[in-house]
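Student: What follows is a predicted structure for the sequence shown.
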Amino acid sequence: MGATGLLTCTGDIGTLNLRHHIPVFCIVSQRGSFDDHRVYQEIQGRRLHAVLQTFNYPFVVLDREDDIANIPEIYEACRLHKRPYITLLSRRLVKGGKPS
Amino acid sequence: MRTREAFEIMAPHFGNAVAVCALGMAANEWWAVTRSEETFYMHGAMGFAASFALGLALSIPDTPVWMLNADGSLCMNLGCLLTEAAQQARNLRHFVVDNRVYQTVGGTPMVNHHYSDYAGIARAAGIKDTWTLKTPEEVERALPSILGNSGPSFAVLRVEAESGFLGNPPMTYEGPEMKYRFGRALERKLGITVFGPQGY
């Protein structure tokens, strides 16, 4: 999903997954970062990390192709933490290193 | 028809199924009738029991999965019907307790309750096997077809709004305990591994 989708369902994954300690592994495209010049993504870029920290959802940012190999380990960490665990894909990574 | 009456008719047909209950009266009444440990009783996430049940149905395709939803919860996440129709889980049976009020908060009327046709909405979304059942006799007659047909199916249980409500869920399981009890019940029933050797 995208950052907007994640922000839309924070309450749901909070009351289902956080409350019941059910891990859910989310791969999310990180919108609104410095390399993403869409005006409608700006607020997501500024506040997404803060919202995740508020809910105490662990998150990591993957920025390079080599980082993708870490996904199985991140998934295992998600199961261990028993909560939503967010893997953010940088705009640059999603776009294959090309400008947004 | 009262919710309890409908569930008392349905319970003997539960057989080898597992269930997911939306929070509120659906969960309370199903627990009161069955004391089923093979049911996940949602404590929160209003609206998302249906998504949870669909995921469960897809992951255990040989086991019937009953979704015991409520009209208030369904309307929190009507989009679930599109996903259900798209996924076509043949083992999913989606029941909606339709009392046209938010009973657990004292009976506040459901929006548009004079006109809403949930079976019609489900049918238009692409779920072919839909039902609206208004009496115990209709439930009794329809159940063999609902359970015998290939799913997904969607059945509205049109029930009376009741004034009394249980302020707290009758089962005493807190969130994580609910997860472990249900997961362990699935392990026993299906012979599968839900939790690994370290308990997660």
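Tutor: That came through, no problem.
Student: Show me the helices in chain B, by range?
Tutor: Under the criterion DSSP state H, helices of chain B are mapped to B:3-10, B:25-34, B:49-59, B:71-76, B:80-87, B:118-125, B:136-148, B:175-190.
Student: Mind putting these into CSV with mean pLDDT and distance to B:Val159?
Tutor: (Each C-beta comes from the backbone N, C-alpha and C, glycine too.) Formatted as CSV, the helices of chain B follow (pLDDT from 0 to 100; distance: least, Cβ to Cβ, whole Å):
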stretch, mean pLDDT, distance to B:Val159
helix B:3-10, 96, 5
helix B:25-34, 90, 9
helix B:49-59, 97, 18
helix B:71-76, 95, 10
helix B:80-87, 98, 20
helix B:118-125, 98, 13
helix B:136-148, 97, 10
helix B:175-190, 95, 25
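Student: Dump those helices to CSV, plus mean neighbour count and distance to chain A.
Tutor: Listed next are those as CSV, based on neighbours: other Cβ atoms under 10 Å in any protein chain shown; distance: least, Cβ to the nearest Cβ, whole Å:
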stretch, mean neighbour count, distance to chain A
helix B:3-10, 21, 23
helix B:25-34, 22, 14
helix B:49-59, 21, 7
helix B:71-76, 24, 9
helix B:80-87, 18, 12
helix B:118-125, 18, 20
helix B:136-148, 15, 27
helix B:175-190, 16, 4
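Student: Select, out of the ones you listed, the one closest to A:Lys82.
Tutor: helix B:175-190 (8.0 Å; Cβ to Cβ).
Student: packing partners for the closest one?
Tutor: Counting contacts by 3 or more Cβ pairs under 8 Å, 6 or more residues apart in numbering or on different chains; DSSP states H and E, helix B:175-190 packs against helix A:19-20, strand B:18-21, strand B:39-41.
Student: So which of these has the densest surroundings on average?
Tutor: Here the criterion is mean neighbour count by mean count of other Cβ atoms under 10 Å in any protein chain shown, and of these the winner is strand B:18-21, at a mean of 27.
Student: Contacts for it, please.
Tutor: Applying Cβ atoms under 8 Å, 6 or more residues apart in numbering or on different chains, the external contacts of strand B:18-21 come out as B:27, B:30-31, B:36, B:38-42, B:49, B:52-53, B:56, B:60, B:63-68, B:185-186, B:189.
Student: For the residue most central in space within chain B, give me its contacts.
Tutor: Closest to where the C-alpha atoms of chain B average out (Cα atoms, centre = their mean) is B:Leu68, at 1.2 Å. Applying Cβ under 8 Å, 6+ apart, we find B:Leu68 in contact with B:19-22, B:26-27, B:30, B:39, B:95, B:97.
Student: Tell me the spacing between B:Thr135 and chain A.
Tutor: As judged by Cβ to the nearest Cβ, to the nearest Å, B:Thr135 and chain A stand 34 Å apart.
Student: what about the residue nearest to that residue when sequence neighbours are not counted, neighbour count?
Tutor: Nearest non-adjacent residue to B:Thr135, counting by Cβ to Cβ, 6 or more residues apart in numbering or on different chains: B:Met1, 5.6 Å away. Per other Cβ atoms under 10 Å in any protein chain shown, the neighbour tally for B:Met1 reads 18.
Student: about what we covered before: so can I have a markdown table of the contacts of B:Leu68 showing distance to A:Thr4?
Tutor: A markdown table is the format used below for the contacts of B:Leu68 (distance: Cβ to Cβ, whole Å):
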| residue | distance to A:Thr4 |
| --- | --- |
| B:Ala19 | 33 |
| B:Val20 | 28 |
| B:Cys21 | 31 |
| B:Ala22 | 26 |
| B:Ala26 | 31 |
| B:Ala27 | 31 |
| B:Trp30 | 36 |
| B:Thr39 | 34 |
| B:Phe95 | 33 |
| B:Val97 | 33 |
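Student: wait, which of the residues you listed is closest to A:Cys26?
Tutor: B:Val20 (21.1 Å).
Student: pLDDT value on that closest one, please?
Tutor: At B:Val20, the model reports a pLDDT of 97.
Student: partners of it in the sheet?
Tutor: B:Phe40, B:Met67 (DSSP bridges).
Student: how close does it sit to chain A?
Tutor: 11 Å.
Student: ok, the closest residue to B:Met110 other than its chain neighbours - contacts?
Tutor: In space, and not counting its chain neighbours, B:Met110 is closest to B:Arg100: 5.0 Å by Cβ to Cβ, 6+ apart. Going by Cβ under 8 Å, 6+ apart, B:Arg100 touches B:71, B:109-110, B:113, B:161.
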